[in-house]
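[1] missing the sequence, but the structure's below:
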């Protein structure tokens, strides 16, 4: 064996850069989360677990966790299901598939911050097109009775739509009951096109002969073939799509920053926005770092779960 | 048990014709092979029989019942695919059980939570697992039942695919190049096993292959397909000895049949590369013809014998039991392959001058259109059509 320093020299730049750019910041954030450091201060004091204590005890942070979790739990299942559904529909088309692909993928390519401004106009309670459309329906008799359920003999004013007509329609991003749902809707709108593309790629790798075999074996309905072939063969894609969508949902920031700024009454106070507000705006580096570390833990758990599934379950050969 | 009849089948994909009109009658219990080069439409024919592809026109009958609109699973056929098409997420046992589950268990019985409470399900499952075990025993794959397809070798996967087809006791087996993914030794072995399986089951086999050796060795009858037509159908021996088309002659047989150009005069006298044949054409019309000679119908002869081709030995191919001599005629314009015994060939050196005599009775003559021409003569071949 030849002892040479050349290999080390070749590897060193990559390793050093990786350490400086990727690994060291994690450790620095971890260290800072135990301090009361402020940017610009010459020194800091160790505060032990105080920052983490605050995360679990203060209601503001509890709202942060529940907002993040709720956002993820709404966006991930719906955008994954929509992605899979649209991919299946598009792949079954003889022509026109390209048009749908392009249309559904447009929100993925668009800058979310710019799109958020368009959504802000759409959702504006006074001049927004959404409430405008909803209000205009109130004056059309049959539509009103259909939407309020009064044609079935139900009380018009007690229904959601009837209430909106007689009183006022929701403020959407200005209403603490609607804000998170609205943000999640935009998240789904933006994410499912990406999932669709991943599923389309996954579908092309399913061998056609398996469908023939399934047809010979008696899987007569589309649902049977989906259960027997498509769903299991998409195993690796499922894991990838769910993991990527979860991580991206945890990272939601731009719509919150542009539309709600965490409000109203912290109903959309998601983790990355909290990081930004504490660490950057309020210059509370210690708390910001603590949130970052918790965030990192979440992402790490997700990734480890993915690795587990990839190794164990979904690759068949 | 089933007789399969195709009548006036055509198939086009958009504007491309892949199958021209043809009929095919497959007898009950027969081993019929569809053989041809890739793209000749043999797999499409099989998929039409299976119901996986719809014909553009014509009828498919199984036991005299038209099945044009019957779903693949309801035709009582089983298919073995080239890639085996096993479900990779299911164990071998589950793979074998899938056709039975889908056929014998009702919708509710297959439901994950409700299923166990449906009356009569237990008995069905027991019958199902007996059937699976029996097939596994026949194919000697019992030790593999709990493995996934990914953990099996090519030959084992092949057996499992066969088992999945057998487990339903179908009326006929359809096989789409089932051996072409195996290595050469295993392929020869499986050839014998498939033929034996066919004898044991007595079921109709429709077998698609591009390998003429498989067609010759296994089938009761073989249909040679080319460019969407069935050129010839008959027993392997007959197809080999009496090809009715020059394309059949060239496709069947290894090494390939020797084709030499020739001419005939008004009396039907045939000449080719300096040799006059002893037989004459039945219908004498002068023109260009092609003469086919199998390598085993050529033999070495003494120098300067009349009726012998003269050429140079360019290459010797030793197969142990036989030696194939590649002889160039006319300074390289034509080539003959001659089968010789190792003893005869042993002393021959490359570039040596060789004299080769054709067996006049075995000469096969094709017209300019590639169709077989009938010969008459002192020793007319009784095979000539």
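    Done, it's in. Since we're looking at a predicted model, the values are computed, not measured.

[2] Spell out which parts of the stretch 151-300 of chain A neighbour chain B.
    A:207, A:209-210, A:212-213, A:215-220, A:224, A:228-229, A:232-233, A:235 (C-beta under 8 Å from any C-beta of the partner chain). The way it works is simple: take the backbone N, C-alpha and C, and place the C-beta from them, glycine included.

[3] How about the contacts made by residue A:244?
    A:194, A:198 (C-beta atoms under 8 Å, 6 or more residues apart in numbering or on different chains).

[4] For residue A:84, see how far away it is.
    14 Å (C-beta to C-beta, to the nearest Å).

[5] Can I get the buried part of the residues of the stretch 151-300 of chain A next to chain B as one PyMOL selection?
    Entered in PyMOL, the line below selects the buried ones among those, by 16 or more other C-beta atoms under 10 Å in any protein chain shown:
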select buried, chain A and resi 209+210+212+213+215+216+217+218+219+224+228+229+232+233+235
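
[6] remind me which residues of chain A are low pLDDT?
    A:1-2, A:156, A:312-317 (pLDDT under 70).

[7] Looking at the residues of the stretch 151-300 of chain A next to chain B, which are in helices?
    Among those, DSSP state H puts A:209, A:210, A:212, A:213, A:215, A:216, A:217, A:224, A:232, A:233, A:235 in helices.

[8] Spatially, which two of those residues are the most separated?
    A:216 and A:235 (22.9 Å; C-beta to C-beta).

[9] Quick one: residues contacting residue A:83.
    Taking C-beta under 8 Å, 6+ apart, one finds A:191, A:192, A:193, A:194, A:195, A:196, A:198, A:199, A:241 in contact with residue A:83.

[10] Can I get these in JSON lines including secondary structure and neighbour count?
    Formatted as JSON lines, the contacts of residue A:83 follow (DSSP: H, G, I helix; E, B strand; the rest coil; neighbours: other C-beta atoms under 10 Å in any protein chain shown):
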{"residue": "A:191", "secondary structure": "helix", "neighbour count": "25"}
{"residue": "A:192", "secondary structure": "helix", "neighbour count": "27"}
{"residue": "A:193", "secondary structure": "helix", "neighbour count": "23"}
{"residue": "A:194", "secondary structure": "helix", "neighbour count": "20"}
{"residue": "A:195", "secondary structure": "helix", "neighbour count": "28"}
{"residue": "A:196", "secondary structure": "helix", "neighbour count": "26"}
{"residue": "A:198", "secondary structure": "helix", "neighbour count": "20"}
{"residue": "A:199", "secondary structure": "helix", "neighbour count": "26"}
{"residue": "A:241", "secondary structure": "helix", "neighbour count": "25"}
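
[11] and these as CSV, adding distance to residue B:245?
    As requested, the contacts of residue A:83 are exported to CSV (distance: C-beta to C-beta, whole Å):
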residue, distance to residue B:245
A:191, 61
A:192, 58
A:193, 56
A:194, 56
A:195, 55
A:196, 52
A:198, 51
A:199, 49
A:241, 55
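
[12] Enumerate the residues of the stretch 1-150 of chain B near chain A.
    B:47, B:50-52, B:71-73, B:77-79, B:81-83, B:85-89, B:98-99, B:102-103, B:148-150.

[13] Restricted to buried residues, select those in PyMOL.
    Here is the PyMOL selection string for the buried members of the residues of the stretch 1-150 of chain B next to chain A, based on 16+ other C-beta under 10 Å:
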select buried, chain B and resi 47+50+51+52+72+73+77+78+79+81+82+83+85+86+87+88+89+98+99+102+148+149
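
[14] Now, the residues of the stretch 1-150 of chain B next to chain A that are in strands?
    B:77, B:78, B:79 (DSSP state E).

[15] Including distance to residue B:373 and pLDDT, could those go into CSV?
    Below are these laid out as CSV (distance: C-beta to C-beta, whole Å; pLDDT from 0 to 100):
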residue, distance to residue B:373, pLDDT
B:77, 40, 89
B:78, 43, 90
B:79, 40, 91
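
[16] Going by distance to chain A, which of the residues you listed wins?
    residue B:79 (4.8 Å; C-beta to the nearest C-beta).

[17] Go ahead and confirm that closest one touches residue B:178.
    No. The criterion here is C-beta atoms under 8 Å, and residue B:79 misses it with residue B:178 at 9.5 Å.

[18] what residue ranges in chain B are flagged as low confidence?
    For chain B (pLDDT under 70), the answer is B:1, B:284, B:286, B:377-385.

[19] quick one: strands adjacent to the helix or strand hosting residue B:339?
    For residue B:339, the element it lies in under DSSP states H and E is strand B:334-340. Strands adjacent to strand B:334-340 in the sheet, as given by DSSP bridges, are strand B:323-329 (antiparallel).

[20] Would you check how far apart the spatially most central residue of chain A and residue A:184 are?
    Among the residues of chain A, the one closest to the centroid is residue A:249, at 2.4 Å (C-alpha atoms, centre = their mean). Distance, residue A:249 to residue A:184, using C-beta to C-beta: 9 Å.

[21] so what's in contact with these two at the same time?
    Shared contacts of residue A:249 and residue A:184, counting by C-beta under 8 Å, 6+ apart, come down to A:71, A:75.

[22] Now for residue B:204, how many residues are close by?
    Residues lying near residue B:204 (other C-beta atoms under 10 Å in any protein chain shown) number 24.

[23] Contact partners for it?
    Counting by C-beta under 8 Å, 6+ apart, residue B:204 has contacts B:1-4, B:26-32, B:171-173.

[24] Take these and lay them out in CSV including secondary structure and distance to residue B:43.
    Listed next are the contacts of residue B:204 as CSV, based on DSSP: H, G, I helix; E, B strand; the rest coil; distance: C-beta to C-beta, whole Å:
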residue, secondary structure, distance to residue B:43
B:1, coil, 24
B:2, coil, 20
B:3, coil, 22
B:4, strand, 16
B:26, strand, 16
B:27, coil, 22
B:28, coil, 23
B:29, coil, 23
B:30, coil, 19
B:31, strand, 18
B:32, strand, 15
B:171, coil, 20
B:172, strand, 16
B:173, strand, 15
